[in-house]
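*Asks:* Attaching a predicted model along with its sequence, questions to come.
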Amino acid sequence: MDTDYLAPAATKIGHVHLKVADLERSIAFYRDLLGFEVQVRGPQSAFLGAGGYHHHIGLNTWHSAGQPPAPQNTAGLYHTAILYPTKHDLGVAYQRVLDAGLALDGWADHGVSLALYFRDPDENGVELYWDKPQGEWPLDDDGNLVLINRRFDLDILLEK
């Protein structure tokens, strides 16, 4: 295997596909709270996307209908990260999370982004974030990217 291979710069993660216990509950969360549109629906699955894309999020109950959430201390998905195009869009999403009464697990300024963390109805981690302009990303003295993890004032997301 060629270990020098690098994925092309334009490569993106296309979608996440989640096993859920209750399809209707999960559709409501990703559709009604986060604003994704149902693109395709079946009896045990749904595919939701933004902007007409075929799907960013797949949901299914093929092996998980009625099951409890996966234990936190096992291998598996840590979180699904949803990238918003502007800080304002992240703020709108944050306001919707507040209005829904969801508790944040945390939030962070990573230097390159501002991020919010919480859980979906199946206890899957969800990150909502906005990337800062690349020219603002922190670099060390050698020009290497530096990621940080510090709290920020959440009110800056709610400024008009």
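*Replies:* Good, I have the coordinates. Numbering: from 1, shown residues only.

*Asks:* Quick one: residues contacting L157.
*Replies:* Neighbouring residues of L157 by CB atoms under 8 Å, 6 or more residues apart in numbering: K87, L90, G91, Y94, Q95, L114. The way it works is simple: take the backbone N, C-alpha and C, and place the C-beta from them, glycine included.

*Asks:* Pick the one among those residues closest to G101.
*Replies:* Nearest to G101 out of the contacts of L157 is Q95 (CB to CB; 12.2 Å).

*Asks:* Am I right that that closest one is in a helix?
*Replies:* Yes - assessed with DSSP: H, G, I helix; E, B strand; the rest coil, Q95 lies in a helix.

*Asks:* Pull the contacting residues for it.
*Replies:* By CB under 8 Å, 6+ apart, the neighbours of Q95 are L157, L158.

*Asks:* Quickly note the distance from it to L102.
*Replies:* Relative to L102, Q95 is positioned 11 Å away (criterion: CB to CB, to the nearest Å).

*Asks:* Am I right that L114 is in contact with L128?
*Replies:* No - using CB atoms under 8 Å, L114 makes no contact with L128, being 9.3 Å away.

*Asks:* any residues in contact with both of those two?
*Replies:* L90.

*Asks:* quick one on the thing from earlier: any of the contacts of L157 buried? List them.
*Replies:* The neighbour count (16 or more other CB atoms under 10 Å) marks L90, G91, Y94, L114 as buried among the contacts of L157.

*Asks:* Excluding residues flanking it in the chain, which one is nearest H17?
*Replies:* Once flanking residues are discounted, H17 sits nearest to G58: 3.5 Å by CB to CB, 6 or more residues apart in numbering.

*Asks:* what are the phi and psi values for the one you found?
*Replies:* Dihedral pair for G58: phi -110, psi 140, per degrees, to the nearest 10.

*Asks:* burial of it, as a residue count?
*Replies:* Using other CB atoms under 10 Å, G58 has 19 neighbouring residues.

*Asks:* how close does it sit to R41?
*Replies:* For G58, the distance to R41 - CB to CB - is 11 Å.

*Asks:* what residues are shared contacts of the two?
*Replies:* Taking CB under 8 Å, 6+ apart as the criterion, G58 and R41 both touch F47.

*Asks:* Just list the residues touching A46, thanks.
*Replies:* Counting by CB under 8 Å, 6+ apart, A46 touches L23, S26, I27, V38, V40, G58, L59, N60.

*Asks:* Take those residues and keep only those in strands.
*Replies:* Taking DSSP state E, the ones among those that sit in strands are V38, V40, G58, L59, N60.
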